[in-house]
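Q: return atomic coordinates for the entry below.
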Amino acid sequence: MTTKKPTVVIADDSALIRFQLSDILSELGFEILGEASNGNEAVLLYKNLKPDFVTLDIVMPEKDGPQALDEIKTIDPNAKVIMITALGKQEVVKDCIKRGASDFIVKPFNPMVIKDIFNKYL
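A: Below you'll find the model as predicted:
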């Protein structure tokens with residue numbers, strides 16, 4: 001019997017951050033369905049791929065993380081959205097949680113913290 005891997009779309013304007021997060025999540029047994037470099041791509045990928053999770057960087061071009069979060073939650077009120085933030089953005093993070101984000105990850109990444117956060121929702 002095979003168990004389905006949890007799926008995720010990663011959205012960050014930094015290719016390095018996408019690579020790091022993809023690497024960590026793959027190690028944890030996730031299937032990376034797609035990567036987005038801005039909020040518009042993230043919303044489109046979410047709509048088309050219906051992943052179990054989406055990670056959204058707060059600061060991205062074209063459409064930032066909070067705007068993409070609002071759109072994704074409109075598409076699917078039950079979407080599991082994990083915000084990605086640098087230190088010092090606590091107010092924005094609190095706002096995103098109020099808007100429906102499930103949780104947040106702080107850069108630089110700690111693989112064990114990421115594992116704990118995602119395991120809460122599996």
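
Q: for Ile84, give the beta-bridge partners.
A: Asp57, Ile105 (DSSP bridges).

Q: list the contacts of it.
A: 12, 17, 21, 55-58, 65, 104-105, 107 (Cβ atoms under 8 Å, 6 or more residues apart in numbering). C-betas here are computed from N, CA, C, even on glycine.

Q: ok, Lys47 next?
A: Neighbour list for Lys47: Ile75 [criterion: Cβ under 8 Å, 6+ apart].

Q: in terms of helices and strands, where is it?
A: helix 39-49 (DSSP states H and E).

Q: which of the residues in that helix are buried?
A: For helix 39-49, the neighbour count (16 or more other Cβ atoms under 10 Å) marks 39-46 as buried.

Q: hmm, who's touching the longest helix belonging to the chain?
A: If you go by DSSP state H, the chain has its longest helix at helix 15-27. The contact list for helix 15-27 (Cβ under 8 Å, 6+ apart) reads 8, 10, 12, 32, 35, 37, 55, 57, 84, 107, 109, 111, 114, 118.

Q: and the most centrally placed residue in the chain, how far from Arg99?
A: With distances taken as Cα atoms, centre = their mean, Thr55 lies nearest the centre of the chain, 0.5 Å away. Here Thr55 is placed at a distance of 15 Å from Arg99 (Cβ to Cβ, to the nearest Å).
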